[in-house]
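**Student:** Dropping the sequence and predicted coords here.
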Amino acid sequence: MMNNLFSNLRRYFLFYFLPFVIMGIFLLAAYFQSISHKKSTKLEISEKTSALRGSIITKDGFIVANSQKLYKAVIDTRSIDPDKLDLFIKLYCIYTNDNEKKVKNLITSRKGTVVLSYKIDPKTAMHLKKLSRYLTKKKVFISFITDDNVVRQPIALDILESGENRKYIAKDSLSPILGYIKKIEKDKITKTTGVKGVEKYYNQYLFANQDEFIKGYRDIGNTIILDKGSIKSLKIDGYDAILNIPLKFQIKLESLLTKKAKQYGAKEIIVGVMDSKTSKILALATSNRYNPENILKSNYSALNSTAIEYPYEAGSVIKPIIFSIAYENKKLNLNEMIPTYNGTYKLGNSIIKDTHPSSQMNLTDIIVHSSNIGMIMIISRLDNLTLYEGLDKFNLSKKTGIDLPYEHSGILPTINMLKNQSYKATLSYGYGIQTTFMQILNAFCVFNNNGIMTQPRIVSHLHKNGKFYVVDKPQQTQVISQNTANIMKNILIQAVERGTGKKGQINGLEIGGKTGTARMAKNGTYIKAYNSSFFGFANDKNSSFTIGVLVREPTIGSYYAAQNALPIFKEVVEMLVDEGYLIKFQDKNQKILSNENLDEIKD
């Protein structure tokens, strides 16, 4: 009988009660799934990580410009327990080094959300996040009732990205080459963009183009659970720009120019050192510098790069260029003698005098002793079109193509202007033509590089994720023949050995160059102010450098280039030796330049 009872109960359970149990389980599962979905929807969060502007790095590995993230500290003042306010302020200020009184005034002056600081560095931000968690455990943050009677849960100290900050560790060094930046707002985040210098020229590569955006569900530790659909965009930082300039040499050179500018009472002194074969800039320095992080009103005149933005009448350093144009066009024979009229020559209403008077000179001595009269005789052999085209080939009417923004081109006289014989004559010794420092430096590279001109380069390459990229490969142009270049080079060496450049001699190196002292014009009239310069080269067996020095408006001592620009040139060459860029010959009388094709030269 009992067996029948259990059998009936089992049958009753299977046919009548079990379906209801199963249906209940399905209903509960559906209910909990719904609840879970609602909860998970509430747990979906997003995070944004800003990309950073690329760094600028010197040849010797120093990061001279780099960006770091900035964070802001945000607090809802209603959520701070009044009894623990002082504790919060004290701990916050220990981490940030902020003034306690200032922070307290910020918190107590208003109810609601307050930004305590916008300029928190990444390390401090990390510590503040830990502090926020600690204070949460200590119940420093409490619930509060809003004005519309809604109870809000405790709101902790929040640390949010606010933008990026550009740091220049070398302070005023490498200015104005590096340039500077300005701040812009992008998607409520402060970014930086280049305004001058390398920062401007390479801005499209340095600029951080894409921030990282992640969206997904968070775990119990408030961290986004990453899956295939979480990452919406990857962070793309800017490229790093690697300079051809070593910081150590640049700083040493800048220190020299600061001292010399005071010694000569000069408005500015500029020096450029360029690899003659590649036109890579080893140094481009000025006595007028500024700190890109703290530009003052007194710095405004230094913001522009004089080396590329200041056209001026260069004086006698133009003579080798005119000479080489005439020789290239077969207007000269190095065996001939040129009349120089005992150092006095009437040109229109003016009297032209030479500092080294002679009745006649050979062509070499005209450059060696910087004869203005001899140059007038040489330029008179060139027809106006040939002269203009020759100057144009030396890029004196064009930009050099250096990788810096706002480069100025030179100003050549028109062919019609050259019909005036007096105008054309004065052009032969550097007046009536305006060039920039960089144009002359690049032109002198031609004499030290077999007649080839290459575009100067500040930046060697770009770098990102272990890969190197060359941008805008410099172009090469054959300006004059190798023979003409070598003849001009030899004459410039003689100018240093026995001419106006004698103070530039250094035993054990091949040194050549030309002095130039030019009177300045103001409002169409020449005034008693001068620009003094020396452009030349220094070579050893393996390396060759073209070097330019410009002393603007010296007021102490002599204004002649041989007395100021040339001694600076010599100190720069000695610096190159000290730093290992040049190695002196063991035989002090050794020459590099072959005498092949130079048998015409007679002294």
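**Tutor:** Received, thanks. This is a predicted model, so every value here is computed, not measured.
**Student:** Do a quick rundown of the strands in the stretch 201-350 of the chain.
**Tutor:** With DSSP state E, counting those that start in this stretch as the criterion, the stretch 201-350 of the chain has strands at 212-217, 231-233, 240-243, 268-275, 281-286, 337-339, 344-347, 350-353.
**Student:** Which one of those strands lies nearest to Ile411?
**Tutor:** strand 268-275 (19.1 Å; C-beta to C-beta). (Glycine included, C-beta is placed from N, CA and C.)
**Student:** elements contacting that closest one?
**Tutor:** Using 3 or more C-beta pairs under 8 Å, 6 or more residues apart in numbering; DSSP states H and E as the contact test, the elements touching strand 268-275 are helix 247-264, strand 281-286, helix 306-309, helix 437-447, strand 544-552, helix 565-578.
**Student:** Beta-bridge partners for Gln476, please?
**Tutor:** Taking DSSP bridges as the rule, Gln476 bridges to Thr454.
**Student:** hang on, it packs against Met453?
**Tutor:** Yes. Shown here, Gln476 and Met453 form a contact pair, counting by C-beta atoms under 8 Å, at 7.0 Å.
**Student:** Comparing the two, which residue is more hemmed in?
**Tutor:** In this comparison of Gln476 against Met453, neighbours counted by other C-beta atoms under 10 Å, the higher total goes to Met453 at 23 against 13.
**Student:** residues in contact with the closest residue to Val459 other than its chain neighbours?
**Tutor:** Nearest-residue entry for Val459: Ala241, 5.1 Å, with adjacent residues in sequence omitted and distances by C-beta to C-beta, 6 or more residues apart in numbering. Neighbour list for Ala241: 54-57, 198, 202, 205-206, 459, 462-463 [criterion: C-beta atoms under 8 Å, 6 or more residues apart in numbering].
**Student:** thinking again about what came up before, looking at the helices and strands packed on strand 268-275, spot the one closest to Tyr327.
**Tutor:** helix 437-447 (11.7 Å).
**Student:** what inclination does the closest one have with respect to strand 281-286?
**Tutor:** With axes from the mean of the first three to the mean of the last three C-alpha atoms, to 10 degrees defining the directions, helix 437-447 sits at 150 degrees from strand 281-286.
**Student:** and helix 437-447, how far out from the chain's middle?
**Tutor:** From the chain centre to the centre of helix 437-447 is a distance of 20 Å (C-alpha atoms, centre = their mean, to the nearest Å).
**Student:** Run through the neighbouring helices and strands of it.
**Tutor:** Secondary-structure packing of helix 437-447 (3+ C-beta pairs under 8 Å, 6+ apart): strand 268-275, helix 306-309, helix 319-328, strand 452-454, helix 482-498, strand 510-522, strand 525-539, strand 544-552.
**Student:** Need the CA coordinates for that helix. CSV is fine.
**Tutor:** Extracted in CSV, the C-alpha atoms of helix 437-447 (Å, rounded to 0.1, in the frame of the first residue of the first chain):
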residue,chain,number,x,y,z
PHE,A,437,74.0,84.8,-42.9
MET,A,438,72.8,81.3,-43.9
GLN,A,439,73.0,82.1,-47.6
ILE,A,440,76.6,83.1,-47.3
LEU,A,441,77.5,80.1,-45.1
ASN,A,442,75.9,77.8,-47.7
ALA,A,443,77.7,79.5,-50.5
PHE,A,444,81.1,79.1,-48.9
CYS,A,445,80.3,75.3,-48.5
VAL,A,446,80.5,75.2,-52.3
PHE,A,447,84.2,76.1,-52.2
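**Student:** That helix - what's its average pLDDT?
**Tutor:** Helix 437-447 shows a mean pLDDT of 98 in the predicted model.
**Student:** repeat for stretch 531-549
**Tutor:** When pLDDT is averaged over stretch 531-549, the result is 97.
**Student:** what stretches of this structure score poorly on pLDDT?
**Tutor:** Judged by pLDDT under 70, the chain has its weakly predicted residues at 1-48, 212-233, 587-603.
**Student:** now do 80
**Tutor:** Low-confidence regions of the chain, defined by pLDDT under 80, span residues 1-50, 186-189, 209-235, 586-603.
**Student:** Domains in it, by residue range?
**Tutor:** When the chain is parsed with automatic domain parsing, its domains come out as 47-105+113-136+158-230+239-243, 247-578.
**Student:** To Phe144, which of those domains lies closest?
**Tutor:** Taking C-beta to C-beta as the criterion, domain 47-105+113-136+158-230+239-243 is the member of the domains of the chain that comes nearest to Phe144, at 4.3 Å.
**Student:** Show me how far the closest one is from its chain's centre.
**Tutor:** Distance, stretch centre to chain centre, for domain 47-105+113-136+158-230+239-243: 23 Å (C-alpha atoms, centre = their mean).
**Student:** and the end-to-end length of stretch 459-470?
**Tutor:** Separation of the first and last residues of stretch 459-470 by C-alpha to C-alpha, to the nearest Å is 9 Å.
**Student:** what do you get for stretch 460-471?
**Tutor:** Stretch 460-471 end-to-end distance (C-alpha to C-alpha) = 9 Å.
**Student:** now that stretch: how far from the chain's centre is it?
**Tutor:** Using C-alpha atoms, centre = their mean, the distance between the centre of stretch 460-471 and that of its chain works out at 16 Å.
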